[in-house]
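> Structure for the following, please:
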Amino acid sequence: MAKIKIQVGGEEFDATLDEQAAPRTVEAILEALPIEATSNTWGEEIYFEIPVAVGEENAEDIVSVGDLGYWPSGNAFCIFYGRTPMSPSDEEIVPASAVNPIGTIQNPEALKSHGAGEPVRITAAQ
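So this is what the prediction gives:
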């Protein structure tokens with residue numbers, strides 16, 4: 001488990017990347033750190049393109065609040081903090097298409113105060 005920090009706007013979140021869930025994907029993300037981008041939103045999901053190109057690896061069609069995913073179709077890092085437009089309920093969060101499960105973020109509810117166009121930065125935790 002690799003500890004990272006994700007900054008969205010001026011707020012910092014602790015997160016963990018799980019090498020066991022998608023080892024090639026997590027390794028590629030760690031090698032690309034630090035990553036800076038601009039946030040996009042899709043429902044209650046923040047996503048942004050990152051300089052990583054990996055195919056599907058143990059990809060999942062349903063995720064949970066607080067999950068982090070890598071979206072192979074868009075080379076994007078995804079942070080799920082609630083329902084997407086495709087989600088039938090708060091308990092069944094559906095990404096646009098399958099994502100590689102890469103970890104979890106702490107305090108995902110706080111992301112509800114953030115929106116598209118904000119700067120995002122991912123760094124290794126010290």
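> what about the helices in this structure?
23-32 (DSSP state H).
> give me the low-pLDDT residue ranges for it?
Nowhere does the chain drop to pLDDT under 70.
> Contact partners for residue 71?
Contacts were defined as CB atoms under 8 Å, 6 or more residues apart in numbering; by that measure residue 71 touches 47, 77-78, 95-97, 99-100. Placement of C-beta: from N, CA and C, glycine included.
> Make a markdown table out of these and add distance to residue 25.
Output for these, formatted as a markdown table (distance: CB to CB, whole Å):
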| residue | distance to residue 25 |
| --- | --- |
| 47 | 15 |
| 77 | 10 |
| 78 | 12 |
| 95 | 14 |
| 96 | 17 |
| 97 | 15 |
| 99 | 10 |
| 100 | 5 |
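> Now flag whichever of those residues is closest to residue 125.
Checking the contacts of residue 71 against residue 125 with CB to CB, the nearest one is residue 77 at 16.0 Å.
> out of everything not next to it in sequence, what's closest to residue 19?
Of all residues beyond its chain neighbours, the one nearest residue 19 is residue 26 (4.8 Å), with distances taken as CB to CB, 6 or more residues apart in numbering.
> Highest neighbour count among the contacts of residue 71?
residue 99 (31 neighbours; other CB atoms under 10 Å).
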